[in-house]
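Visitor: pasting the sequence and the predicted coordinates here, then a few questions.
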Amino acid sequence: MSPETHQLAVEFLETKAGIEYSADVERTPEWRDAVDQAHEAPPAPPITVSITLPMYTPQELVDRITALAEGLTVVEGIKDTEVYLVRTCRGCGCTDEEGCFGGCWWTSETDDLCSSCATQDAPTGAQR
Ligand SMILES: [Zn+2]
Ligand SMILES: [Zn+2]
């Protein structure tokens, strides 16, 4: 019996017989009925799992996570998985959706560094 079925059976038993679950209960006819009901219970509605990754995630890692996500759909109850790439500041992890406190902007088109990070830890000693 899977842990989910077990949990369902306990719930059926509690609602049906109004009794508390105990170790002995698994030997009663009520328990057998509850297990039967739990097996017949419709599965949970399928869900879609969304995974967001920073834009600068290496392609190799994106591929691996995408493959993993596809593997997840084999698991019962998960209908679909989607992997999104989100532009994420490499300094603080802020995104277009969730910027820094007080607001920030991208310092360049190509560099994923937001304005708050650019002023806080500007590269030192790079150009001398
Ligand atoms: Zn930042
Ligand atoms: Zn920011």
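Guide: Yep, it's here. Numbers count the residues shown, from 1 in each chain. Ligands and ions are numbered 1, 2, ... in the order given.

Visitor: so this protein: which segments form each domain?
Guide: 3-40, 44-86, 88-122 (automatic domain parsing).

Visitor: if you average pLDDT over the longest one, what comes out?
Guide: Put plainly, it is domain 44-86. The pLDDT scores in domain 44-86 average 84.

Visitor: circling back to that earlier point, need the domains of the chain in CSV with mean neighbour count, can you?
Guide: Backbone N, C-alpha and C define where each C-beta goes, glycine included. Below are the domains of the chain laid out as CSV (neighbours: other C-beta atoms under 10 Å):
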stretch, mean neighbour count
domain 3-40, 14
domain 44-86, 12
domain 88-122, 14
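
Visitor: dump the ones you listed into JSON lines; add distance to ligand 1 as well.
Guide: Listed next are the domains of the chain as JSON lines, based on distance: least, C-beta to the ion, whole Å:
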{"stretch": "domain 3-40", "distance to ligand 1": "42"}
{"stretch": "domain 44-86", "distance to ligand 1": "12"}
{"stretch": "domain 88-122", "distance to ligand 1": "3"}
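
Visitor: ignoring the adjacent residues along the chain, who's closest to Lys79?
Guide: Pro46 (3.3 Å; C-beta to C-beta, 6 or more residues apart in numbering).
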